[in-house]
Structure formats: structure tokens, C-alpha cells
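Trainee: Sharing a model prediction with you, sequence too.
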Amino acid sequence: MGVPRVLMDERKGRRVAREVYGLDVMGTARLPTDAKEAHLVANVGDLLQQMRGAGYWIHSRIMEAAMRAANE
């Protein structure tokens, strides 16, 4: 397919994409973490809160894991 990474949040779909199609899958909550690693943003927690405020549902455990990964 030539796709380096797929953005997908649905758990079952992520598993199928990885196991059946061999795709590298990441969730939306990882975007701010990668952006911080690339020095594009300063704070992952603030971005995730903004996403929630805009109506995007993110489980608290996912937010906590993303912030831990970003050393926040």
C-alpha cells in the first residue's frame, strides 16, 4: 500500500490493521506527543484538553498515557 502509518482510534480496527494488514497504526492522542517530540508544541496536555473541549472524546487513561509519554 505504501502507507507509512495509519491514523485510527477504534480499538478493534487498530488490531485488524496491525495483525491482518501489517500496518503501523497510531491513535489521534499520539499526534500531540509526536508534535512535542518534534518541538512543534510545548504541551501535550493542553492540546488534548482543547481537543476534548472541541468535542473529541478521549478517555482519561489515554490522556494520562499520552502525557506520560510526553514527560508531563
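Mentor: Alright, I've got the coordinates.
Trainee: which residues of this protein fall in strands?
Mentor: 6-7, 25-26 (DSSP state E).
Trainee: ranking these by burial, who's on top?
Mentor: Of all those, strand 25-26 carries the top mean neighbour count, a mean of 16, counting by mean count of other Cβ atoms under 10 Å. Using the backbone N, CA and C atoms, a C-beta is placed for each residue, glycine as well.
Trainee: Now do that strand, average pLDDT.
Mentor: Mean per-residue pLDDT for strand 25-26: 93.
Trainee: again with stretch 4-11
Mentor: The model assigns stretch 4-11 a mean pLDDT of 89.
Trainee: One more: stretch 60-72?
Mentor: The average pLDDT within stretch 60-72 is 94.
Trainee: Same list, the strands of the chain, but as a markdown table with distance to Ala54 please.
Mentor: Shown next, in a markdown table, are those (distance: least, Cβ to Cβ, whole Å):
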| stretch | distance to Ala54 |
| --- | --- |
| strand 6-7 | 17 |
| strand 25-26 | 20 |
